[in-house]
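Asks: Compute the structure for the input listed below.
(chains A, B, C and D)
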2 protein chains.
Amino acid sequence: MNQDKQTRQTKKTTIYDLAELAGTSASAVSAVLNGNWKKRRISSQLADRITRLAEEQGYALNMQASLLRREKSKIIGMIVPKYDNRYFGSIVETFETMARERGLFPIITCTRRDPELEIEAARTMLSYQVEWLVATGATDPDRISDICAASGVRSLNLDLPGSRAPSVISDNFAGARELTRRVLTNCERKLGRVEPLLFVGGRGGDHNTSERVRGFRAAHAEMGLEVSENHILTCGYAPEKAEIALEALAEKEGSLTPGMFVNSTISLEGVMRWIKRSRHYDARPPVVGCFDWDPFVALLGDDIEMVRQDVPSMLNAVFDIIDQGTSKQPLIEIPPLFMGRG
Amino acid sequence: MNQDKQTRQTKKTTIYDLAELAGTSASAVSAVLNGNWKKRRISSQLADRITRLAEEQGYALNMQASLLRREKSKIIGMIVPKYDNRYFGSIVETFETMARERGLFPIITCTRRDPELEIEAARTMLSYQVEWLVATGATDPDRISDICAASGVRSLNLDLPGSRAPSVISDNFAGARELTRRVLTNCERKLGRVEPLLFVGGRGGDHNTSERVRGFRAAHAEMGLEVSENHILTCGYAPEKAEIALEALAEKEGSLTPGMFVNSTISLEGVMRWIKRSRHYDARPPVVGCFDWDPFVALLGDDIEMVRQDVPSMLNAVFDIIDQGTSKQPLIEIPPLFMGRG
DNA sequence: CTTCGTTGCTCAATCGATGAAGCAAGAATT
DNA sequence: AATTCTTGCTTCATCGATTGAGCAACGAAG
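Replies: This next block holds a predicted model:
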């Protein structure tokens, strides 16, 4: 039984193996290794001996067995749509760090904006006994909340709100309104006059996009500008979709607006590609605002205004709810940050 | 026991609860729910009844209990340094997809280039009974391989090689040599003459950086150009480090080379920031090559040549090893892709 | 009318860790 | 000397799912 040990083992060392080697019981080994040997009145000599043996044998706790026995799993799950932009990347990184600070084990899974995969991922996380599930930018947050509720697991929405669980999102309306104001101001400074902007990207149905469109309209209204329905291109998030939408509009209308509001860096990727390819803006580069931040976009020219969603504050709000166990408000809106130009 | 059910439950439904409700045994429930009820000769009527009940009650398998009993966990772990660039983002996304295709459950954790955290994360993954651990861009891959080997868990290195486990990396030497050639050619085209480049970013000690420096030197040598030791700035990966290094060199030498080789998009962030701030290249923009790809960098100007590491091929190689169980070669080098300009 | 085969289940051990309860031996108190 | 306390352990049930072994009931074959 312990000769595998000698010959570079096949099976893993358990507390029973250590107990045999130490000439003691598994329960003593367990008590020593999880640190409450004082409480259980194990002598420090035995504790030392066990600790040394565990180290020698390269013992690793079997979490499955431990979790099965314990009441709390300390596992916290997160579902994320993509890893292809700074926003989600920093959400994930911050989430992991803050979870670990609290002694929680974060499990993150990427669902590539696939509604089926989201549901399957949520179910899998429940099987792993997560104590909380954070659904980030989910296509159907309420479905996920329901699945969690049915298992008695608490859930939270991040980035996109739902109605059946507390939600932490950016203040999309105020952010978009301010961004639009700034782009319009830049427009005036560059061109000597203000003209209504184009809105590009996002899904028409989602909360964030509709709030941003509302902010976009509000800023135009303040300045007495009319926004044409044809100039709201909520064509989806993928870069190609933005390219196609712009191409179609240019074909239909002949000329394009001098400025635009782009709904994410991902859409901006398509917009910039199209601008470059179509040569529509060769004479005078467009005045652009982007609802999201990317370090290279910041270097792309001096006419791109960006709002940066305040990831640390959003995750502080998320973990406040988790730490407290509940939330007073069902919806928490975090003001985004303005990055200025230059 | 099943009245919690009625009153929105507190505890989770188990196969024992379902067995009681169905008037059968837990073992029948288990057989039905994990799909081998035919093998165990359960009647399809009972199977249907159990399946319906499970759905009604929102039953979710307790993975901890299931894994404890089973021999294979089907969990596969990955350690990643950062989520702040496209390269690691796409590694993670591809890894998750390919793992799921194989019925494996991927657990990914980000260690922020912190050696302590890497080790701790590896140990935690072992506790969760991972069958494989992929260490991506690890600072000390061999340490991780040893820890895994001590528990009989197989490991793999990705992006940065180690000596105690199979490694899949980019062909850094050939990639860097070709990138350098191209930048030198661009230099000639733009300026009418070739001049040695500056190498910026990366850690001097790491395999990738030293291979890239070797490729960089080889391309210079081919063209009869001498590379000054002072022009190899392996200052680390963080953007600020690149800024500081450039600032220091500019101060020391007065003028800078007309072209440069930047070792990652993260370093490029700092390089571009410094170029903009210092106004050193205002008269004539530098001719730049970057070992890594980013969509916005592609739009940044027409003088930035990029190599894109071939993430799908790299992960195919990784999963080939996992599927086969072993690797013939200890080191697999995947040629990176050239993205051309425009 | 016995024997065998088949169907459709149930029983009970097991995975590894945990912790309440218990117990033996010695020290301290009455 | 008898009792109580303390120390330092061990025993055993438990968490939920899995699975080999077993068993009852029934039909078919001999």
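Asks: Surely residue A:30 and residue A:15 touch.
Replies: Yes - under the criterion of C-beta atoms under 8 Å, residue A:30 makes contact with residue A:15 at 5.4 Å. The way it works is simple: take the backbone N, C-alpha and C, and place the C-beta from them, glycine included.
Asks: Between the two, which is the more surrounded one?
Replies: residue A:15 (24 against 19; other C-beta atoms under 10 Å in any protein chain shown).
Asks: Next, give phi and psi for the more buried one.
Replies: Main-chain torsions, residue A:15, degrees, to the nearest 10: phi -60, psi -30.
Asks: same check, this time on residue A:331
Replies: phi -130, psi 120.
Asks: ok, it to chain B distance?
Replies: Counting by C-beta to the nearest C-beta, to the nearest Å, the separation of residue A:331 from chain B is 23 Å.
Asks: Bridge partners for the residue lying closest to that residue once chain neighbours are set aside, pull those for me.
Replies: Counting by C-beta to C-beta, 6 or more residues apart in numbering or on different chains, residue A:167 is the residue found nearest to residue A:331 once chain neighbours are left out, at 5.1 Å. On the basis of DSSP bridges, residue A:167 is bridged to residue A:157, residue A:331.
Asks: Neighbours of residue A:167, how many?
Replies: Neighbourhood size, residue A:167 [other C-beta under 10 Å]: 26.
Asks: isn't it right up against residue A:157?
Replies: Yes - with contact defined as C-beta under 8 Å, residue A:167 and residue A:157 form a contacting pair (4.0 Å).
Asks: intersection of neighbour lists for these two?
Replies: Between them, residue A:167 and residue A:157 share these contacting residues under C-beta atoms under 8 Å, 6 or more residues apart in numbering or on different chains: residue A:141.
Asks: tell me the contacts of residue A:230?
Replies: By C-beta under 8 Å, 6+ apart, the contact set of residue A:230 is A:249, A:252-253.
Asks: Please check those and keep the buried ones.
Replies: residue A:249 (16 or more other C-beta atoms under 10 Å in any protein chain shown).
Asks: The residue nearest to residue A:331 and residue A:137, how far apart?
Replies: Relative to residue A:137, residue A:167 is positioned 11 Å away (C-beta to C-beta, to the nearest Å).
Asks: okay, and the common contacts of these two?
Replies: Here residue A:167 and residue A:137 have A:158, A:160 as joint contacts, going by C-beta under 8 Å, 6+ apart.
Asks: what bits of the stretch 151-300 of chain A have low per-residue confidence?
Replies: For the stretch 151-300 of chain A, applying pLDDT under 70 flags no range at all.
Asks: contacting residues around the residue nearest to residue A:263 when sequence neighbours are not counted?
Replies: Once flanking residues are discounted, residue A:263 sits nearest to residue A:201: 3.3 Å by C-beta to C-beta, 6+ apart. Residues near residue A:201 by C-beta under 8 Å, 6+ apart: A:209, A:233-237, A:241-242, A:262-264, A:266-268, A:270-271.
Asks: burial count for the residue of the stretch 101-250 of chain A found nearest DNA strand C?
Replies: Residue nearest to DNA strand C within the stretch 101-250 of chain A (C-beta to the nearest atom of the strand): residue A:129, separated by 13.0 Å. If you count neighbours by other C-beta under 10 Å, residue A:129 ends up with 22.
Asks: The one 5 residues further on now?
Replies: Other residues lying near residue A:134 total 30 when counted by other C-beta under 10 Å.
Asks: State the three-state secondary structure for it.
Replies: What DSSP: H, G, I helix; E, B strand; the rest coil gives for residue A:134 is strand.
Asks: Kindly provide the distance from it to DNA strand D.
Replies: Residue A:134 sits 24 Å away from DNA strand D, taking C-beta to the nearest atom of the strand, to the nearest Å as the criterion.
Asks: Can you show me the helices along the stretch 101-250 of chain A?
Replies: Using DSSP state H, counting those that start in this stretch, the helices of the stretch 101-250 of chain A run over A:115-127, A:141-150, A:172-191, A:207-222, A:239-253.
Asks: quick check: angle from the shortest one to strand A:132-136?
Replies: Using axes from the mean of the first three to the mean of the last three C-alpha atoms, to 10 degrees, one finds that helix A:141-150 and strand A:132-136 are set 170 degrees apart in direction.
Asks: and what of the first one?
Replies: An angle of 160 degrees separates the directions of helix A:115-127 and strand A:132-136 when computed by the same axes, to 10 degrees.
Asks: in helix A:115-127, what counts as buried?
Replies: Of the residues in helix A:115-127, those buried (16+ other C-beta under 10 Å) are A:117-119, A:121-122, A:124-127.
Asks: If we check chain B, which of those residues are in contact?
Replies: Applying C-beta under 8 Å from any C-beta of the partner chain to those, one finds that A:124, A:126-127 fall near chain B.
Asks: circling back to that earlier point, enumerate every residue touching the residue of the stretch 101-250 of chain A closest to DNA strand C.
Replies: Here residue A:129 is in contact with A:67, A:73, A:75, B:62-64 (C-beta under 8 Å, 6+ apart).
Asks: any idea which of those is closest to residue A:193?
Replies: Of all the contacts of residue A:129, residue A:193 sits closest to residue A:75, with 57.0 Å by C-beta to C-beta.
Asks: hang on, isn't that closest one packed against residue A:105?
Replies: Yes - the criterion here is C-beta under 8 Å, and residue A:75 meets it with residue A:105 at 4.9 Å.
Asks: The residue of the stretch 201-342 of chain A found nearest DNA strand D - nearest residue in space that isn't next to it in sequence?
Replies: Residue nearest to DNA strand D within the stretch 201-342 of chain A: residue A:325 (21.2 Å; C-beta to the nearest atom of the strand). Excluding the flanking residues, the one nearest residue A:325 by C-beta to C-beta, 6+ apart is residue A:154, at 7.8 Å.
Asks: What's the local residue count around that neighbour?
Replies: 18.
Asks: Pretty sure it sits against residue A:132.
Replies: Yes - applying C-beta under 8 Å, one finds residue A:154 in contact with residue A:132, separated by 5.3 Å.
Asks: picking that back up, how much space separates the residue nearest to residue A:263 from chain B?
Replies: 15 Å.
Asks: now residue A:198
Replies: With distances taken as C-beta to the nearest C-beta, residue A:198 is found 19 Å from chain B.
Asks: Is it correct that that residue is in contact with residue A:253?
Replies: No - using C-beta under 8 Å, residue A:198 is not in contact with residue A:253; the gap is 10.2 Å.
Asks: between these two, what contacts are shared?
Replies: Residues touching both residue A:198 and residue A:253 by C-beta under 8 Å, 6+ apart: none at all.
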